[in-house]
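Novice: From the sequence below, what's the structure:
(chains A and B)
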Amino acid sequence: MPAEHAVAVTGLVKRFGRFRAVDGLDLNVRVGEIHGFLGPNGAGKSTTLRVLLGLYRATAGRVRVLGLDPGTGAAAVTRRVSYVPGEVNLWPNLTGREVLDALAGLRGRRDPAAERGLVDDFALDVRKAVRTYSKGNRQKVLLVAAFAAPTELLVLDEPTSGLDPLMEDVFQRHVRAAADAGRTVLLSSHLLAEAEKLCHSVTIIKDGRLVESGGLTYLRHLSASEVTARVPADLVPAVAERLAAVGVAPPPSDGGTLRFSVRRERVPAVLGILATVDAADITCTPATLEQLFMRHYSVVPA
Amino acid sequence: MTLIALTLRRHRVALGSWWVLLVALSGVTVPSYRATYPTAAQRLVAADLARRNVAGTLLYGRLGGGGTSAELFAWEVGAIVTVLAAVAAVLLAVALTRAAEDDGTVEVIRSNGVSARAPLYAALAVLAMFATACGAGCAAVVGMHAGRVDGVTAAGAVTFGATVGLTFLVVAVLAVLLAQVVPAAGAARLLGLGAVGIAFAVRAVADVRHVDGLNRFSPLGLRAVARPFDGDRWGMLGAYLAVAFAVAGAAVFLHGRRDFRGGLLRQRDRRAAHLRIRSTVGLAGRLARGGIVAWTLAVAAVGTLFSAMGSGVLEQSRGGDVGGFLGAQLGADPVAGYFAYTATVLGVLVSAFAVLSVARTAAEELSGRTDHVLATGVRRWAPLAARVVVTAAGAAAVLLVAGLLSGFVAARVIDGADVAARAFGYVVGQWPAVLVAAGWTALLAGWRPRFTWLAWVPLVLSAGLALLGQLLGVPERVRDLGTFHHVPDLLGDHPHLGGQAVLLAVAAGTTLAGLVAVTRRDVTTG
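Specialist: Here you go, the predicted structure:
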């Protein structure tokens, strides 16, 4: 029976000595989706991912990856998973091609055509020794290996931190292609724009605990929308008063331009008020992931 | 000044460990010659034996003077301490200069308003400080015995200390110079250790072939020229200090003529080769390949040297009437005794290879590379197991080549029954001992990768028991705990294979324990 969730984690705790890096985390990733795993530095993202791969053993909680328990059979899990860690150290005396050969050889399964295509797409010179590679090039080697391997789940831990914008584009294209091919992608990131562009759903964590999780559109709708409009200057006080009546905090007036955020269910009422005063240049944008994120982290030192 | 403090702080463990090893080895062994040979008559016989023993002449040089305890000490322990000082010099010099450049820390320092040469000056200053501290330490611990052990004088102790310090300094600045020529730490280390090997060979030829003048040109011959406790000739020490300054100057000059992270020699960084592997053993084999080749060349060279030099004095000691309780030192059969002794040295060398090779698993894990391997569906214990297998096979290759060459050369230069077979047998017979070193390193790497350096402790103890145990008067029962002298004379009347079986069992047991331990813990990084 194929599992509905590629990753199903409940109540995960991972302690290092007395420090709880992950503290009761739930994480569910549906098969075939691109799932963003977000949080500030030190939130426990990498620790969680390493538990999923069986590199760390869970202190407590239930972990299933592709229906298997990585704690007891890590190799059975990783055989079907591609992993790109955030910090990429490779064997300096091997060339990029030799590293790709080694990783594919160990896995025992390989798609040479896909690999060649990826090497071209990422513009990677695989004949050079790893010693000469920049951080981005080392990351590219593992990204090529991860995308080219015939695996069901891709676990990517901040994989684009060394890539230039062009390569980031290539990366996003291949993530989408992987999802289109039915593979599941778990993408840890703190680049919110990237997650916003790519992910179907996200899980946000802080201090090893779940903060928010769900479909991206759903989460956006939970949050406030940003509204801007230009109102004739003499009408500003009256508009402010009427807005206050529907529960919107009086916006700071900027020479007739109003800018404020509104809970989603009040957007129609607010737009109605603006329409009656012939406001111009009305925009209404749903909250960005960044705003969502900042709401949880703004004042807390990581 | 800050930069010197930073360098000291960063390398304090390595600097401290080497200092303790060199000074303690000198201090502990001074009184033991007196304890082992209590009367002057016994010492004279010992000195006489030492002069006839070609293995001793080859390894430690010629014993001069009147055979006082101090002279015996400066001859035998002095040789070991200076060789260790030279090895320490290469490893520390490369760690302070080229390795710091490779890992990016020099870049960080240079980007903070520090001149390009400042990190190099700081490294040279720290190396000079270590040489001084080492010389002073050795002189102090030896000088303490002045008046209590025959032949030990304050002046002699100072000469001894200065010899150790200067040997270190000259080799260290030479290694710094070589580190400017090649573009990576590994190559610099290899070249430096190669230079130490050449220095040893030059000294050995000088002593065995009686070409005394040659000793002046080898840092390891400095001790023979300075003659601590036997005349204390200071002239050459001064010359060596001048040489050290000149070489350091040359290193600074070359440093100014190359790019950061570059070398005067270029490394070939482009190749279209494919890597055809299907298992962790394949990967471990590819990664270990270069090291195994280098070790094979080095150990085969040392083994050939031993065999080639073995002819003359063996004849002497076989014909000479070495009686009394000292006669037993070379064994009933001098040929067997000679090969057993020299093969022990090879065994120690190859065990060092085994420790380094298996310890690399820990380095792989800490750097995060093991993660990539495990993420391809490989079992948790496989990388460590693969490394042990490759190390065992590599050690077998090293010993086989060294044994074959030794046997081939020995058969041509030494007369006697089954010389070639014996030379070969004693060398290859060290394999189980090497496996034990690999085994305990695997245990540490499997249990706690950060503590893998502890694997050097039993190796140093075992080597000490094998090379100095008899001298220090260690009881046979304790010496048998060492790994190196359980090689049976296969051509003798009753070869005892029990020791070998125990060694193999210990190697297998520790390796298995390491493999079990690794599956019971998290991957360690950083």
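Novice: so who does the residue of the stretch 101-250 of chain B found nearest chain A touch?
Specialist: Of all residues in the stretch 101-250 of chain B, residue B:184 sits closest to chain A, at 7.4 Å by C-beta to the nearest C-beta. The way it works is simple: take the backbone N, C-alpha and C, and place the C-beta from them, glycine included. By C-beta atoms under 8 Å, 6 or more residues apart in numbering or on different chains, residue B:184 lies in contact with A:131, B:98, B:102, B:263, B:267.
Novice: Residue B:210 should be in a helix, yeah?
Specialist: No - under DSSP: H, G, I helix; E, B strand; the rest coil, residue B:210 falls outside any helix and is assigned coil.
Novice: Residues of chain B that sit close to chain A?
Specialist: B:184, B:267, B:269-280, B:282-283, B:286-287, B:290, B:367-369, B:371-380, B:522-523 (C-beta under 8 Å from any C-beta of the partner chain).
Novice: So which of these are in helices?
Specialist: B:280, B:282-283, B:286-287, B:290, B:369, B:371-374 (DSSP state H).
Novice: domain assignment for chain A?
Specialist: If you go by automatic domain parsing, the domain ranges for chain A are A:5-217, A:224-285.
Novice: What's the mean pLDDT across the shortest one?
Specialist: With pLDDT averaged residue by residue, domain A:224-285 scores 80.
Novice: Distance across it, terminal residue to terminal residue?
Specialist: 9 Å (C-alpha to C-alpha, to the nearest Å).
Novice: Quick one: distance of that domain to the chain centre.
Specialist: For domain A:224-285, the distance from its own C-alpha centre to the chain's C-alpha centre is 33 Å (C-alpha atoms, centre = their mean, to the nearest Å).
Novice: Now do the host helix or strand of residue A:118: which elements does it pack against?
Specialist: Counting by DSSP states H and E, the element that carries residue A:118 is helix A:112-121. Counting by 3 or more C-beta pairs under 8 Å, 6 or more residues apart in numbering or on different chains; DSSP states H and E, the packing neighbours recorded for helix A:112-121 are helix A:96-107, helix A:135-148, helix A:165-180.
Novice: Touching that helix from outside, list them.
Specialist: Here helix A:112-121 has contacts from A:100, A:104, A:126, A:143-145, A:147-148, A:170, A:173-174, using C-beta under 8 Å, 6+ apart.
Novice: Show me which positions of stretch A:81-98 end up buried.
Specialist: By 16 or more other C-beta atoms under 10 Å in any protein chain shown, the buried positions in stretch A:81-98 come out as A:81-91, A:93-98.
Novice: Now intersect those residues with the strands, please.
Specialist: A:81-84 (DSSP state E).
Novice: Of the residues you listed, which are in range of chain B?
Specialist: Near chain B, by the rule C-beta under 8 Å from any C-beta, you find A:81-83 out of those.
Novice: could these go into a markdown table alongside pLDDT?
Specialist: Output for those, formatted as a markdown table (pLDDT from 0 to 100):
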| residue | pLDDT |
| --- | --- |
| A:81 | 95 |
| A:82 | 95 |
| A:83 | 96 |
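Novice: thinking again about what came up before, can you select the buried ones from the ones in helices among the residues of chain B next to chain A in ChimeraX?
Specialist: For the buried members of those, the matching ChimeraX selection, counting by 16+ other C-beta under 10 Å, is:
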select /B:280,282,283,286,287,369,371,372,373,374
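Novice: between the ones in helices among the residues of chain B next to chain A, which is nearest residue A:6?
Specialist: residue B:374 (19.2 Å; C-beta to C-beta).
Novice: Need the winner for burial among the domains of chain A.
Specialist: domain A:5-217 (a mean of 19; mean count of other C-beta atoms under 10 Å in any protein chain shown).
Novice: So what's the gap between that domain and the chain middle?
Specialist: With C-alpha atoms, centre = their mean, you get 11 Å for domain A:5-217.
Novice: Now do the end-to-end distance for that domain.
Specialist: First residue to last in domain A:5-217 (C-alpha to C-alpha) measures 20 Å.
Novice: now for the ones in strands among the buried residues of stretch A:81-98, which pair is the farthest apart?
Specialist: The widest separation within these (C-beta to C-beta) is 10.8 Å, between A:81 and A:84.
Novice: residue contacts, residue 33?
Specialist: Unless you meant another one, I'm taking chain A. Counting by C-beta under 8 Å, 6+ apart, residue A:33 has contacts A:179, A:184-185, A:200-201.
Novice: Hmm, no, I was thinking of chain B.
Specialist: Per C-beta under 8 Å, 6+ apart, neighbours of residue B:33: B:43, B:69, B:72-73, B:149, B:471.
Novice: With that, I have no additional questions.
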